[in-house]
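Asker: No sequence on hand, only this structure:
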């Protein structure tokens, strides 16, 4: 998948989770213990139809770009606030370690 495909997939994941009123979105850098992308709605976890585990690092990298992460070491925190497909995507992003999960929480508008 090219860069445009990664960007589009990442934004679609954020949009779908937001439209489903997810209370949390997790992107696993080491998805061996379950789905690479999951989001929680009403205390129930839902698996995103994964784009493939080989693409997860690129998706996490794109989330970091959208959240304006710098090259500094972890932990990293940021904010995604952007229009997409007629909706305002608004997420708080946290990454605890370089090989840890990328955890996103919606911010109420």
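Answerer: The structure has been received and is ready for your questions. Since the model is a prediction, treat every value here as computed from it, not as a measurement. Numbers count the residues shown, from 1 in each chain.
Asker: helices or strands up against the top helix by length along the chain?
Answerer: What stands out as the longest helix in the chain, according to DSSP state H, is helix 3-19. Helices and strands touching helix 3-19, by 3 or more C-beta pairs under 8 Å, 6 or more residues apart in numbering; DSSP states H and E, are strand 24-27, strand 37-41, helix 56-66, strand 76-84, strand 87-95, strand 102-106. The way it works is simple: take the backbone N, C-alpha and C, and place the C-beta from them, glycine included.
Asker: rerun at 6 Å
Answerer: Helices and strands touching helix 3-19, by 3 or more C-beta pairs under 6 Å, 6 or more residues apart in numbering; DSSP states H and E, are helix 56-66.
Asker: Just want the angle from the helix it packs on to strand 37-41.
Answerer: 60 degrees (axes from the mean of the first three to the mean of the last three C-alpha atoms, to 10 degrees).
Asker: got a list of contacts for helix 56-66?
Answerer: 6-7, 10, 27, 29, 36, 80, 102 (C-beta atoms under 6 Å, 6 or more residues apart in numbering).
Asker: could you redo the last one with a cut-off of 8 Å?
Answerer: 1, 6-7, 9-10, 13, 27-29, 31, 36-37, 50-51, 76, 78, 80, 82, 93, 95, 102, 104 (C-beta atoms under 8 Å, 6 or more residues apart in numbering).
Asker: Put the buried members of those residues into a PyMOL selection.
Answerer: A single PyMOL command selects the buried members of those (16 or more other C-beta atoms under 10 Å):
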select buried, resi 6+7+9+10+13+27+28+29+31+36+37+50+51+76+78+80+93+95+102+104
